[in-house]
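Student: Okay, here's the prediction I keep looking at, along with the sequence it came from:
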Amino acid sequence: MRKCSKKLLAVLTAAAMACGLAACGGDSKESSSGAPAGESRAEEGGKEEEGSDAAEGSGEGEAESGGSGEASAAGRISQEQITLEVTGPQPSGLEDWTKLAVIEEYADRLGIRLNCNFYQTDWETQRTLMVADDKVPDLVINAGIGIGDMNKWGEEGYFLNLKDYIHLMPNMQKTFEEYPGLEAFVTASDGSIYGLARVSVDLTDRLSRTYINRKWLENLNLEVPSTIDELYDVLKAFKEQDANGNGDPNDEVPMLYQASYYAVENVLLNAYGIRMGGVGSPGYLLEAEEDGKVYLVNTTDAYREFLRFMHRLYAEGLMEQQAYTITSDEITSKQQGDVYGFFGCGSAPFVMANRDISYDAEWVGLAGLTSSLHSEKTAPLATPVGSSITIAVGADTEHPEEVVKFLDYFYSEEGKLAATRGYEGVTFDYVHDDELDFDNPQMRCPEGYASDEEYRYKGAVINTGFNLVEENAVRAALFEVPMDTLLRDNVVKTYGWAALTAYANRQEGISFVDMFPRIAYTTEEADARLTLYNDINKYLETTKAQFITGELDLDADWDNYVGTLDQMGLADLLAIEQGAYDRYLSVVQ
C-alpha cells in the first residue's frame with residue numbers, strides 16, 4: 001500500500017512541477033530546465049552558457065573541490081551543489097572511486113557530487129535485498145536489471161518513472177528519435193520508463209566480423225568471393241592447392257567452425273537472405289513479415305538451404321572436422337600455425353592468434369555475399385540496444401529534477417565523452433590522427449599508471465557507469481574516410497580488424513538492413529517463455545549440429561524436425577514473441 005502511495009506522490013510531484021513550469025510563461029525558448037519535449041540543448045545552448053557563466057562568475061552555489069574549475073558547455077545542473085547516493089557492482093578495474101577525476105569534475109562543472117557505494121561481490125543478491133528492504137538510493141548504475149523486473153519494481157514504486165520528467169531530458173529524446181528501438185525497449189506496457197538501457201552505436205560492433213586469409217588468396221591468385229558459390233570454390237582451392245605454401249597440401253582447414261566461433265554463420269546466413277549480424281551466435285532466429293507477423297527462421301526453406309551448404313562443407317572436409325570437440329587453446333595453436341583460411345569471431349584475428357594487432361593485415365573482411373535465393377548485397381545490423389537496464393533512479397530521491405538532468409547530460413556530446421574519457425585538458429587531450437584526418441580524444445597517462453587505459457578505469461572515469469551511449473571515435477571515423485584510406489598499410493596495421501570490417505561493409509552495392517529488434521517481455525511473459533524458449537533453443541542447437549554432420553538428413557528428416565517443434569509448443573512461444581513485438585511496433589511506428 002505504501003508503495004502505491006509513493007508512486008502516486010511521484011506522479012503528483014511531477015504534475016505540479018510541470019504546471020509550475022507552464023505558469024512561468026508560454027515562450028518555447030526557455031532554459032533547459034523547462035525545455036519543451038523534443039527540443040535539444042543545442043538549440044538553446046547560447047542561453048544556457050550565458051546563465052552558466054553568470055553563475056560561475058558570481059560564485060553562487062560553488063563548493064570547494066579539486067576539479068578543473070571549467071564550466072560545462074551544458075551549464076550547471078544544480079547551482080547549489082547536491083550529493084547523490086550511487087550504488088552498483090564494483091566497476092571493472094576500479095580500486096578507489098574517490099580518486100577518479102570525474103568525481104570532482106562533476107561536482108565542479110555540474111554541481112553534482114557523487115557518493116558511491118559499490119559491491120565487489122554478489123551484486124544480484126545485493127540488488128534484490130536493496131529493493132526488498134526499500135533502500136534504493138538516488139542512482140543505481142551498471143545495474144544489469146532485466147526489463148521485466150525493472151518494470152515490475154517500477155510499478156511497485158521503487159524506481160522513478162522517467163516519463164514524468166521527459167520534458168527535462170531533450171538529449172535523451174533526441175537519442176530515442178535516432179534509435180527508436182531503445183525507447184521501445186525501455187517503455188513499459190503502460191507507457192512508463194523506469195530505467196535506461198545502453199545503446200552501442202559503433203557499426204563495427206553491429207556488423208559481422210568475418211575474415212578470409214589474404215595471403216592464401218594471393219598465393220593462389222584468387223579474388224575475394226562475392227557469392228556463396230564463389231566462396232565454396234575458394235574454400236575448395238584452399239584445401240587442395242597448398243594455400244599456405246608450406247609444401248604440405250593436407251594441413252589447411254579452409255573454414256573454422258566451432259562453438260566459440262559461430263560468428264562465421266552470420267555472413268553465410270545473410271547470403272540466403274536471413275538477417276544475422278553483429279558478433280553474437282545465431283541460434284533461435286526470429287524475423288517479421290511486412291505485416292508484422294513474427295516467425296521462426298529456423299523452419300524456413302532459406303534456413304534449410306543454409307544447412308545444406310554447411311553440410312556440404314563438412315562432408316567435403318572444407319570446415320573444421322573437430323567443430324564440436326576442438327578447444328579454444330587448440331584453435332589458437334592452429335591459428336598461429338597458419339592453418340585457417342576463413343572464420344568469423346567476436347574479437348579479432350590478432351586476438352585469436354595471440355599476436356599484436358598488425359597481424360590483422362594478413363586478413364580481408366568479407367560481407368554482402370549473395371546466392372540464388374538472395375541476389376541483394378546486404379549487411380545486417382545487430383540491434384544497438386543493450387539486453388538489460390543499466391541505470392535507474394530511486395523513487396525516493398530528494399532531487400528528481402537534478403537526477404534526470406544529470407542522466408540527460410550523458411546523452412549530450414560533452415556527456416558522452418565525460419562518461420567514457422572524462423574532460424579535455426584534465427583526463428584526455430585531442431590528438432590529430434593524420435591517417436584518418438580527425439581529432440582523436442587520447443587519454444592521458446599520468447605517472448604511476450601502466451597505460452592510458454589503466455588510468456581511464458582507475459583514475460579517470462567510472463568504468464561503464466554512465467555510458468548510456470557507447471561509441472568509439474576511431475571506429476566512427478573508419479566509416480567516414482575515403483575508401484582508399486582504409487587500404488593504406490599504416491591504417492590496416494594500426495586499426496586492424498576494425499578497418500577490415502569497415503572496408504568490407506562499405507563496398508559499393510552493399511546496403512545495411514536491420515535485424516529483428518530487441519523486444520521487452522512482461523514478467524508474466526518472461527515466466528511463460530522461459531521453459532519454452534530453453535527447450536526449443538536446445539533442440540534447435542542439437543538438430544543443427546545433426547543436420548550439418550549428416551546424422552539427420554535434410555530431406556528425409558526435415559518434416560519430422562518441423563513437426564517436433566510444433567509439438568514442443570512453438571506456436572505458444574511465437575504468440576509471446578508476437579505480443580512483445582506488437583508493443584515494440586506501437587512505440588516505433
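Tutor: Right, received. Where do you want to start?
Student: can you list the weak-confidence ranges in this protein?
Tutor: Along the chain, the model assigns pLDDT under 70 to residues 1-66, 69, 259-261, 277-282.
Student: where exactly do the helices run in the stretch 51-200 of the chain?
Tutor: Secondary structure of the stretch 51-200 of the chain (DSSP state H, counting those that start in this stretch): helices at 101-105, 123-132, 147-155, 170-178, 180-186.
Student: Check which helices and strands the last one sits against.
Tutor: Helix 180-186 makes packing contacts with helix 170-178, strand 195-200, strand 385-393, helix 570-588 when contacts are defined by 3 or more C-beta pairs under 8 Å, 6 or more residues apart in numbering; DSSP states H and E. (Each C-beta comes from the backbone N, C-alpha and C, glycine too.)
Student: Tell me the helices and strands packed up against whatever helix or strand comes next after the shortest one.
Tutor: It stands for strand 195-200. Next along the chain after strand 195-200, taking DSSP states H and E as the criterion, comes helix 203-206. Helix 203-206 sits against helix 473-477, helix 489-505, with contacts defined as 3+ C-beta pairs under 8 Å, 6+ apart.
Student: For the last one, buried residues please.
Tutor: Of all the residues in helix 489-505, those buried under the rule 16 or more other C-beta atoms under 10 Å are 491-492, 494-505.
Student: Pull the distance from the helix or strand just after that helix to the chain's centre.
Tutor: For helix 489-505, the succeeding helix or strand toward the C-terminus, using DSSP H and E, is strand 511-514. Relative to its parent chain, strand 511-514 has a centroid offset of 17 Å by C-alpha atoms, centre = their mean, to the nearest Å.
Student: cool, and stretch 107-120?
Tutor: Taking C-alpha atoms, centre = their mean, one finds stretch 107-120 lying 25 Å from the centre of the chain it belongs to.
Student: Straight-line length of it, end to end?
Tutor: With C-alpha to C-alpha, to the nearest Å applied, stretch 107-120 spans 25 Å between its terminal residues.
Student: what sits up against that stretch?
Tutor: Under the criterion C-beta atoms under 8 Å, 6 or more residues apart in numbering, residues 61, 63, 65, 67-72, 74, 76-91, 94, 97, 103, 106, 126, 137, 139, 402, 406, 409, 423, 462 lie in contact with stretch 107-120.
Student: Need the buried ones from those residues selected in PyMOL.
Tutor: What follows is the PyMOL syntax for the buried subset of the contacts of stretch 107-120, where burial is set by 16+ other C-beta under 10 Å:
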select buried, resi 65+67+68+71+72+74+76+77+78+79+81+82+84+85+86+87+88+89+90+91+94+97+103+106+126+137+139+402+406+409+423+462
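Student: in which helix or strand would I find Asp338?
Tutor: Using DSSP H and E, no element contains Asp338; it sits outside every helix and strand.
Student: Is it in contact with Asp248, as I believe?
Tutor: No: contact criterion C-beta atoms under 8 Å: Asp338 and Asp248 do not qualify, at 10.9 Å.
Student: quick one, which of these two is more surrounded?
Tutor: Between Asp338 and Asp248, counted using other C-beta atoms under 10 Å, the more crowded position is Asp338 (18 against 9).
Student: contacting residues for that one?
Tutor: Applying C-beta under 8 Å, 6+ apart, the residues near Asp338 are 215, 244, 246.
Student: Report the buried residues of the strand or helix carrying the first one.
Tutor: Assigned by DSSP H and E, Lys215 belongs to helix 214-219. For helix 214-219, the buried set under the neighbour-count rule, 16+ other C-beta under 10 Å, comprises 214-217, 219.
Student: Turn those residues into JSON lines, including distance to Thr187.
Tutor: Listed next are those as JSON lines, based on distance: C-beta to C-beta, whole Å:
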{"residue": "Arg214", "distance to Thr187": "46"}
{"residue": "Lys215", "distance to Thr187": "50"}
{"residue": "Trp216", "distance to Thr187": "49"}
{"residue": "Leu217", "distance to Thr187": "48"}
{"residue": "Asn219", "distance to Thr187": "54"}
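Student: Now the two most distant members of those.
Tutor: Arg214 and Asn219 (9.6 Å; C-beta to C-beta).
Student: neighbours of the nearest residue to Arg113 once chain neighbours are set aside, just the number please.
Tutor: Distance criterion C-beta to C-beta, 6 or more residues apart in numbering; nearest residue to Arg113, sequence neighbours excluded, is Ala107 at 4.2 Å. By other C-beta under 10 Å, 22 other residues sit near Ala107.
Student: mind checking how far Ala107 is from Phe309?
Tutor: Using C-beta to C-beta, to the nearest Å, Ala107 is found at 59 Å from Phe309.
Student: do Ala197 as well
Tutor: Ala197 sits 36 Å away from Phe309, taking C-beta to C-beta as the criterion.
Student: out of those two, which sits in the busier spot?
Tutor: Neighbour count, other C-beta under 10 Å: between Ala197 and Phe309, Ala197 has more, with 24 against 19.
Student: counting contacts, what elements does the helix holding Lys215 pack onto?
Tutor: By 3+ C-beta pairs under 8 Å, 6+ apart, helix 214-219 packs against strand 363-365.
Student: nearest residue to Glu435 other than its sequence neighbours?
Tutor: Per C-beta to C-beta, 6+ apart, closest to Glu435 is Val491, 5.2 Å.
Student: Next up, the contacts around the residue nearest the centre of the chain.
Tutor: Residue closest to the average C-alpha location in the chain (C-alpha atoms, centre = their mean): Ser200, at 3.6 Å. The contact partners of Ser200, by C-beta under 8 Å, 6+ apart, come to 206, 384, 386, 470-471.
Student: and if we set it to 10 Å?
Tutor: For Ser200, the contact set (C-beta atoms under 10 Å, 6 or more residues apart in numbering) comprises 206, 278, 382-386, 467, 469-472.
Student: Let me know the closest of those residues to Ala132.
Tutor: Gly386 (25.0 Å).
Student: what's the burial count for that closest one?
Tutor: Gly386 has 20 neighbours, counted by other C-beta under 10 Å.
Student: next one: Leu268
Tutor: Leu268: 24 neighbours (other C-beta under 10 Å).
Student: swap in Pro254?
Tutor: Neighbours of Pro254 under the rule other C-beta under 10 Å: 28.
Student: what about the nearest residue to Leu417 once chain neighbours are set aside, helix or strand, and which?
Tutor: Excluding the flanking residues, the one nearest Leu417 by C-beta to C-beta, 6+ apart is Pro441, at 6.2 Å. Following DSSP H and E, one finds Pro441 within strand 438-443.
Student: Could you measure from the closest residue to Tyr340 other than its chain neighbours over to Glu413?
Tutor: In space, and not counting its chain neighbours, Tyr340 is closest to Leu256: 4.6 Å by C-beta to C-beta, 6+ apart. To Glu413, Leu256 is 40 Å away according to C-beta to C-beta.
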